[in-house]
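Q: I'll drop the sequence and a predicted model, then ask my questions.
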Amino acid sequence: TTLSGAVTDITSADTNLSGANTEISSALTTLSGAVTNITSATTMIGNTNSADTLVIDGATTAINSDAITLGNEVTDTLVVTGASTLINSTATTINAGGGTAEVMVSAGSVMTDGNFTATSSDNGSILSLNNAGISIQNTTGNGGGLTINDTTISLTNGVGAGHGLTIGANSTTLSGGTTSTTFTLDNNGATFADTVTGGPSKVTGIANGTSKYDAINYGQLKDLERDMSGGIATMAAMGNIPAMVDGTHFNFGVGVGSFNSRRALAVGGSMRLRNNTAVKASVGRSFGSGGGSLVVGAGAAISW
């Protein structure tokens, strides 16, 4: 079957092209029957002229062939419209010529039987559709792309250890960096890791925690360490104020202390109210970079 006039218009209610070889190469070809079937072993549409236009417009459109070429020249235009459109072949090429060629498919449903692959004119990007899922890959440089299947959505840039975002059935992992730092969210919580070295990963840029379940950052931890070290140094200073000497009723003393680069000074006094009753009080303060803290203490005792 060969259709090669300047203008070919087929508008029958039922159109069937089923020769061993079907070539449609008119400058303008329109197939607009209610049912359009092209079932040749080899089908070429817009394969010879440099500015072919093909319009297939039917309620049901089926193109079945072992090898199909649609829009092979650089300025071909292919329009397929219909409530149901089926392109079914062992090998299907759409817009192989690149350039300014255009392919438009407008239908209630578009079906491909088996694997479907679309490649950009510079071979830099590939779209694949099959029973395993959907894949969009960049074949230039280090690659990368998007993969969608039954259990995983994976977005990678193809650099280093294959960084990107992987969304699985039970977890979501974001990876990046030269040694593949990962951040994983699953039922056990959030986990940072270095999948190459097996060691931990450093997390930076965390704001100060202000609520009960907020994480604290290194700055807050160092502030806590400073305050605790100052308190220990102050307690050492207060505890080293000498006690009253036997037979006396009043006592006043001074003590010093140091812990983890924090220093403290304390003063305190004791008084014997009766032979078996005494009271005492002291106050101390730590010193160092970042300021200090004040500690006050008092006590009483009865002996018998």
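A: It's in. Note that the coordinates shown come from a computational prediction; the quantities given were computed from them, not determined experimentally. Numbers count the residues shown, from 1 in each chain.
Q: Thr234: what secondary structure?
A: Secondary structure, DSSP: H, G, I helix; E, B strand; the rest coil: Thr234 is helix.
Q: from Thr277, how far out is it?
A: Shown here: Thr234 relative to Thr277, a distance of 27 Å by CB to CB, to the nearest Å. No exception for glycine: its C-beta is placed from N, CA and C like everyone else's.
Q: looking at these two, which is more packed in?
A: Between Thr234 and Thr277, Thr234 has the larger neighbour count (other CB atoms under 10 Å), namely 30 against 13.
Q: let me see the contact set for the more buried one.
A: Applying CB atoms under 8 Å, 6 or more residues apart in numbering to Thr234 gives the contacts Gly257, Ala264, Ala266, Gly284, Arg285, Ser286, Ser293, Leu294, Val295.
Q: stretch 135-152: which residues count as buried?
A: Taking 16 or more other CB atoms under 10 Å as the neighbour-count basis, stretch 135-152 is seen to contain the buried residues Ser135, Ile136, Gln137, Asn138, Gly144, Gly145, Leu146, Thr147.
Q: out of the residues you listed, the closest to Asn240 would be?
A: Each of the buried residues of stretch 135-152 was scored against Asn240 by CB to CB, and Gly144 proved nearest at 66.3 Å.
Q: I'd say the closest one and Ser154 touch.
A: No - with the criterion set as CB atoms under 8 Å, Gly144 and Ser154 do not qualify as a contacting pair; they are 10.3 Å apart.
Q: now a ChimeraX select for only the buried ones of the contacts of Thr234.
A: Buried subset of these, written as a ChimeraX selection, criterion 16+ other CB under 10 Å:
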select :257,264,266,284,285,286,293,295
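Q: can you redo the contacts of Thr234 as TSV with secondary structure?
A: Listed next are the contacts of Thr234 as TSV, based on three-state DSSP:
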residue	secondary structure
Gly257	strand
Ala264	strand
Ala266	strand
Gly284	strand
Arg285	strand
Ser286	strand
Ser293	coil
Leu294	strand
Val295	strand
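Q: lowest pLDDT pick from the contacts of Thr234?
A: Comparing pLDDT over the contacts of Thr234, the lowest score belongs to Ser293 (83).
Q: that one reaches Val283, doesn't it?
A: No - at 11.7 Å, Ser293 does not count as touching Val283 under the criterion of CB under 8 Å.
Q: low-scoring stretches of the chain, by residue?
A: 1-7, 11-14, 19-20, 25-36, 39-114, 121, 141-142, 158-162, 178-179 (pLDDT under 70).
Q: could you redo the last one with a cut-off of 90?
A: The model of the chain has pLDDT under 90 over residues 1-170, 172-182, 191, 193-203, 243-249, 261, 273-276, 287-294, 303-304.
Q: all helices for it, in order.
A: Counting by DSSP state H, the chain has helices at residues 218-239.
Q: one step back: tell me the one of the buried residues of stretch 135-152 nearest Gly230?
A: Nearest to Gly230, judged by CB to CB, of the buried residues of stretch 135-152 is Gly144 at 52.5 Å.
Q: Ala237: neighbour count?
A: As a burial measure, the neighbour count of Ala237 was computed by other CB under 10 Å and equals 27.
Q: who's in contact with Ser154?
A: Residues touching Ser154, when contacts are defined by CB under 8 Å, 6+ apart, comprise Leu146, Thr147, Ile148, Gly164, Leu165, Thr166, Ile167.
Q: measure it to Lys280 for me?
A: As defined by CB to CB, Ser154 lies at a distance of 70 Å from Lys280.
Q: what's the answer for Thr117, then?
A: Going from Thr117 to Lys280 by CB to CB gives 89 Å.
Q: so those two - more neighbours on which side?
A: With neighbours defined as other CB under 10 Å, Thr117 and Lys280 compare such that Lys280 has more, 19 against 14.
Q: verify the contact between the more buried one and Gly299 for me.
A: Yes - between Lys280 and Gly299 a contact is recorded at 5.6 Å, counting by CB under 8 Å.
Q: so what's Gly133 up against?
A: Taking CB under 8 Å, 6+ apart as the test, what Gly133 contacts is Thr147, Ile148, Asn149, Asp150.
Q: where do the strands sit along the stretch 51-200 of the chain?
A: In order along the chain, the stretch 51-200 of the chain carries the following strands (DSSP state E, counting those that start in this stretch): 53-57, 60-70, 77-94, 102-112, 116-119, 125-130, 133-138, 145-148, 153-156, 164-167, 172-176, 181-186, 189-194.
Q: tally up the residues packed near the closest residue to Gly290 other than its chain neighbours, please.
A: Nearest residue to Gly290 in three dimensions, chain neighbours excluded: Arg226, at 5.3 Å (CB to CB, 6 or more residues apart in numbering). By other CB under 10 Å, the residues close to Arg226 number 20.
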